[in-house]
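Asker: Quick one: sequence and predicted model below, then my questions.
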Amino acid sequence: MFVLDSSAFIHEYDVDGPTASIPAVHEELDGGHALRFGAMEGSGMHVHVPDADVIARVERAARNSGDADTLSETDVRLIAAAVELDATLVTDDYAMQNVAERLDVAVDPIAREGITEEREWLFQCAGCGRTFDDDRDRCPVCGSDLTRKNPS
């Protein structure tokens, strides 16, 4: 089973085997891409609505990796659908791939290479340069903005 992100419809990605997606992906698409979603649904693609408990599990994993602020609600639900359906997630989104890897979800990238390592982001203060494990609105030391930083 393959769970398809919007980019799978945009790039006309073909997979061998059963497919699924979520209603929010259809809402993101327009024109011919939305028609492709409808055609695939008509030919047997499963449209899945993930369970709230699994969505909460994905949100926790995203917070732990530092990707929570980067993922949209649609992204979280797609990962949750892949978890529930024990499916391969088809996406080019690096943050989605990072969280999926943490949840042992297989990922199939579309137009770009996939991630090469799982990351747990750090957050660095733009003012004083201190780093923190968790994302905050402001630095608790000097009050400046924090930016996401690669830990390596």
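Answerer: Everything's here; your move.
Asker: now this protein, which segments are flagged as low pLDDT?
Answerer: 111-122, 133-136, 148, 150-152 (pLDDT under 70).
Asker: Go ahead and flag the most central residue of it.
Answerer: residue 96 (2.5 Å; C-alpha atoms, centre = their mean).
Asker: Just the buried positions in the helix or strand where that residue lies, please.
Answerer: Element membership of residue 96 [criterion: DSSP states H and E] is helix 94-102. Residues 95, 96, 97, 98, 99, 100, 101, 102 are the ones in helix 94-102 that count as buried (16 or more other C-beta atoms under 10 Å). C-beta coordinates here come from the backbone N, C-alpha and C atoms, glycine included.
Asker: Double-check the fourth one against residue 67; I have them as touching.
Answerer: Think residue 98. Yes. Applying C-beta atoms under 8 Å, one finds residue 98 in contact with residue 67, separated by 5.6 Å.
Asker: and the closest residue to residue 10 other than its chain neighbours, which of the three is it?
Answerer: Excluding its sequence neighbours, the residue lying closest to residue 10 (C-beta to C-beta, 6 or more residues apart in numbering) is residue 33, at 5.3 Å. Local secondary structure at residue 33 is given as helix here, using DSSP: H, G, I helix; E, B strand; the rest coil.
Asker: Let me know how buried residue 33 is, in neighbour terms.
Answerer: As a burial measure, residue 33 scores 19 neighbours (other C-beta atoms under 10 Å).
Asker: Against residue 126, how distant is it?
Answerer: Residue 33 sits 38 Å away from residue 126, going by C-beta to C-beta, to the nearest Å.
Asker: Then residue 15?
Answerer: According to C-beta to C-beta, residue 15 and residue 126 sit 42 Å apart.
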